[in-house]
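Q: Following is a predicted model, sequence given first.
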Amino acid sequence: MIKEYDRIKAITYAQNWALKSNPAFYHFGGIGGDCTNFISQCLLAGGGVMNYDKYKGWFYNSASSRSPSWTSVHDLQNFLLREKGVGPFAYVVGKNALEEGDIIQLRQNPTHFNHSLIVTKIENGQIYVCAHSNDAKNVPLSSYPFLEMFCLHIAGIRI
């Protein structure tokens, strides 16, 4: 069964917590970055369903009890695109097809994608995002240097 992704709840969460950390979640800044942890929290706010599969899931219980996909850019991408169990799912779109609440991942170095952001506003063709690691609230995507961008349209939540 599939339920609708609540984009408004995800965006509201992102805007409320963009410049501070929710104490219910460990902040991974200083040990690899907090960007994908923050995006996972936004996705959870927009869908409310975790996937507790030990090997392929997407979940957070604590800093030491979480799936790799909760905090890793690459693993979150794989989960959203490939996992068929419960939780959010996505498909790849072009930049012009992004909607508010969708996820962008950036490759800012030559070897791998290393940053996740959530689209919080699209206005006059300009995309605005919220993010952690370098905390940002409603900043233009154009302010980020990157070599490549991966756009993920959140299509729904499997329950």
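A: On my side now, so go ahead.
Q: Next up, the contacts around Met1.
A: By Cβ atoms under 8 Å, 6 or more residues apart in numbering, the contact set of Met1 is Arg158, Ile159. (Each C-beta comes from the backbone N, C-alpha and C, glycine too.)
Q: Look up how far Met50 lies from it.
A: 16 Å (Cβ to Cβ, to the nearest Å).
Q: try Leu80
A: For Leu80 relative to Met50 (Cβ to Cβ), the value is 13 Å.
Q: So the two - more neighbours on which side?
A: Higher neighbour count among Leu80 and Met50: Leu80, with 23 against 20, using other Cβ atoms under 10 Å.
Q: which neighbours does the top strand by length along the chain have in its sheet, and in what orientation?
A: Ranked by residue count, the top strand of the chain under DSSP state E comes out as strand 148-158. If you go by DSSP bridges, strand 148-158 pairs up with strand 2-3 (antiparallel), strand 87-93 (antiparallel), strand 103-107 (antiparallel).
Q: what's the most buried one of these?
A: Compared across the strands paired with strand 148-158, strand 103-107 shows the largest average neighbour count, a mean of 22 (mean count of other Cβ atoms under 10 Å).
Q: Tabulate the CA atom coordinates of it in CSV.
A: Provided in CSV are the C-alpha atoms of strand 103-107 (Å, rounded to 0.1, in the frame of the first residue of the first chain):
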residue,chain,number,x,y,z
ILE,A,103,15.7,15.9,-2.3
ILE,A,104,18.9,17.0,-4.0
GLN,A,105,22.2,15.3,-3.7
LEU,A,106,25.4,17.1,-4.7
ARG,A,107,28.8,15.8,-5.8
